[in-house]
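> Fold the stuff below for me.
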Amino acid sequence: MTTVIDLTYTYTTKYTQYDEKIRTHVQKTVTINGQPGKKIRIDSLKCTLAAEKEGIVASVLVTAEVAGIDYRLAEWTTSKTAAQNKSASPAFLVDEGKGVVLRWHLKTSNAAYKAIMKVPEYSYSFVDVEKPEPEPEKPDPQFLVTVSCSSETEANELIKTLKTSTQDYTIFKQA
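The predicted structure follows:
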């Protein structure tokens, strides 16, 4: 599992809504490239969140974009000025070989006061894709041999003998 922690920036906004099309409220964007034969699993998301003024609601939404479709992974709110630890374990799986774009969207309930996010963190893993075992090829029968036996016991003995000496033939018993 890979964990990435951003200690560099303090993210703030005075936007009062998430705008999914323009994305002006997006504070952080990360791309994780896919690998052939592997799926990406988003294991955990974390950050600290605070409001500039007590009682103002600060919100952060984390989304994952895969093949042009956005998925909501986590959303947190707080109305406290002291940084609140927020975390989620979405276990979100991305299809084999595809990449994912993670975005942290930030908003406040009052444009006069900022929402503040610090230390955004994410963990992800590459998961091997289990390939189903191919079914053994069944030979295309070219010939059919029929053997007539005088008793069921004789037929069972013949089948037992054939099975020990041949492995690739299909044996049918009919009364």
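> Please make it C-alpha for all contacts and neighbour counts, starting now.
Fine.
> quick one: contacts for the closest residue to Ser59 other than its chain neighbours?
In space, and not counting its chain neighbours, Ser59 is closest to Thr77: 4.3 Å by Cα to Cα, 6 or more residues apart in numbering. Thr77 sits next to Leu49, Val57, Ala58, Ser59, Val60 when contact means Cα atoms under 8 Å, 6 or more residues apart in numbering.
> let's go with 7 Å and repeat that
Applying Cα atoms under 7 Å, 6 or more residues apart in numbering, we find Thr77 in contact with Val57, Ala58, Ser59, Val60.
> now do Ser79
Contacts of Ser79 by Cα under 7 Å, 6+ apart are Ala50, Ala51, Glu54, Gly55, Ile56, Val57, Ala58.
> next one: Glu96
Pro36, Gly37, Lys38, Lys39 are the contacts of Glu96 under Cα under 7 Å, 6+ apart.
> and for the helix or strand where the last one lies, what are the contacting residues?
Which is Lys39. Using DSSP states H and E, Lys39 falls within strand 38-51. Applying Cα under 7 Å, 6+ apart, the external contacts of strand 38-51 come out as 34, 57-58, 78-97, 114-129.
> returning to that earlier point: and which of the contacts of Thr77 is nearest to Val66?
Using Cα to Cα, Val60 comes nearest to Val66 of the contacts of Thr77, at 19.7 Å.
> which residues touch the nearest residue to that closest one once chain neighbours are set aside?
Leaving aside its chain neighbours, Val60 sits nearest to Leu106 (4.5 Å; criterion: Cα to Cα, 6+ apart). Residues near Leu106 by Cα under 7 Å, 6+ apart: Thr13, His25, Val26, Gln27, Ser59, Val60, Leu61, Ala115.
> Of those - the most surrounded one?
Of all these, the highest neighbour tally under other Cα atoms under 10 Å goes to Ala115, namely 30 neighbours.
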